[in-house]
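> sequence and computational prediction follow.
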Amino acid sequence: MVVEACDKRTDALVVNNKIADRMLQREEASSVENALEILDALPGVIEWSAFYEAAMDHLIDNEGSRKGFITRKTDEAKIKFLELRTKTKRDD
């Protein structure tokens, strides 16, 4: 009886640890550092341009937008997403 209770508790802890690991991975994926690394790698985005600064400020300040930005499939979609959110064009 005690062994069964310990086994159930162990199984529950394993499940909880897996959930916690997945949550940490999601948080790391949408971290400010990761989002800014992706921004820096986007083609045609000039560092410290008005677009870059607006995008950087927006990504730092808004976790929901970081998640939305990171999940865009292509570089062009990421750029368009940032243009819409910041109301700043990359080419300006």
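Sure thing, it's come through.
> so after the lowest-mean-pLDDT helix or strand in the chain, what's the next helix or strand?
Across the helices and strands of the chain, mean confidence by mean pLDDT, DSSP states H and E is lowest for helix 2-29: a mean of 60. Sequence-wise, the next helix or strand beyond helix 2-29 is helix 32-41, with elements assigned using DSSP states H and E.
> following that following helix, which helix or strand shows up next?
Counting by DSSP H and E, the element that comes right after helix 32-41 along the chain is helix 50-61.
> what's the angle from the helix or strand immediately after that following helix in the chain to helix 32-41?
Under the assignment DSSP H and E, the closest C-terminal helix or strand after helix 50-61 is helix 63-71. Put simply, helix 63-71 runs at 50 degrees to helix 32-41, going by axes from the mean of the first three to the mean of the last three Cα atoms, to 10 degrees.
> for helix 63-71, buried residues please.
When burial is assessed from 16 or more other Cβ atoms under 10 Å, helix 63-71 yields the following buried residues: 65-66, 69-70. No exception for glycine: its C-beta is placed from N, CA and C like everyone else's.
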